[in-house]
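**Q** 3D model of this:
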Amino acid sequence: MARTTELDRQSLEKIASFFKVFAEPTRLAILQMLRQGPASVNDIVASLSTSQANISKQLKTLYEADLLLREQRGTQVFYSISEPLVFDLCELVCSKLNRRARAESAVVYEI
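**A** Reported below is the predicted structural model:
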């Protein structure tokens, strides 16, 4: 059996910081939208029910986490996914939540 190396505190802090990026629903909505392809800031603002200031803040966080690419096209800025791994993580979490929901609903209907 392969032995794993324990991570030091600094490494654990970096990992925790990365996972914190996913702890904001607006960021998840942005990622979900960008799964369909690149979108401008204006498109994202129009699609989500929040302010441009909030969208810009969330885009900055995702960009700084190296999850997004940013491209200037004329006067508009377009964002796209730079790290497809983000969808693998989301699918793992959704799968876990679905298993739990199925298990809870099975108990509800059990007599």
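**Q** next, find the distance separating residue 86 from residue 65.
**A** With distances taken as C-beta to C-beta, to the nearest Å, residue 86 is found 9 Å from residue 65. Heads up, the C-betas are built off the backbone N, CA and C, glycines and all.
**Q** mind checking which of the two has more residues around it?
**A** residue 86 (20 against 17; other C-beta atoms under 10 Å).
**Q** show me what counts as buried in the helix or strand in which the more buried one is found.
**A** In this structure, residue 86 sits in helix 85-108 according to DSSP states H and E. Within helix 85-108, the residues that count as buried by 16 or more other C-beta atoms under 10 Å are residue 86.
**Q** can you list the residues that contact that helix?
**A** For helix 85-108, the external contacting residues (C-beta atoms under 8 Å, 6 or more residues apart in numbering) are 22, 28, 31, 35, 67, 81.
**Q** ok, residue 40 touching residue 78?
**A** Yes: using C-beta atoms under 8 Å, residue 40 makes contact with residue 78 at a distance of 5.1 Å.
**Q** those two: who's more crowded?
**A** Remark: of residue 40 and residue 78, residue 78 carries more neighbours, 18 against 15, as counted by other C-beta under 10 Å.
**Q** compute the distance between that one and residue 69, please.
**A** Distance, residue 78 to residue 69, using C-beta to C-beta: 9 Å.
**Q** next: residue 23.
**A** Taking C-beta to C-beta as the measure, residue 23 falls 22 Å from residue 69.
**Q** which of the two has more neighbours?
**A** Remark: of residue 23 and residue 69, residue 69 carries more neighbours, 14 against 8, as counted by other C-beta under 10 Å.
**Q** residues contacting the more buried one?
**A** 79-82.
**Q** for the chain, which segments count as helices?
**A** 9-20, 25-34, 41-47, 52-64, 85-108 (DSSP state H).
**Q** where in the protein is pLDDT low?
**A** 1-3, 106-111 (pLDDT under 70).
**Q** grab the nearest non-local neighbour of residue 18.
**A** residue 65 (6.4 Å; C-beta to C-beta, 6 or more residues apart in numbering).
**Q** go ahead and confirm the one you found touches residue 19.
**A** No: under the criterion of C-beta under 8 Å, residue 65 is not in contact with residue 19, lying 10.1 Å apart.
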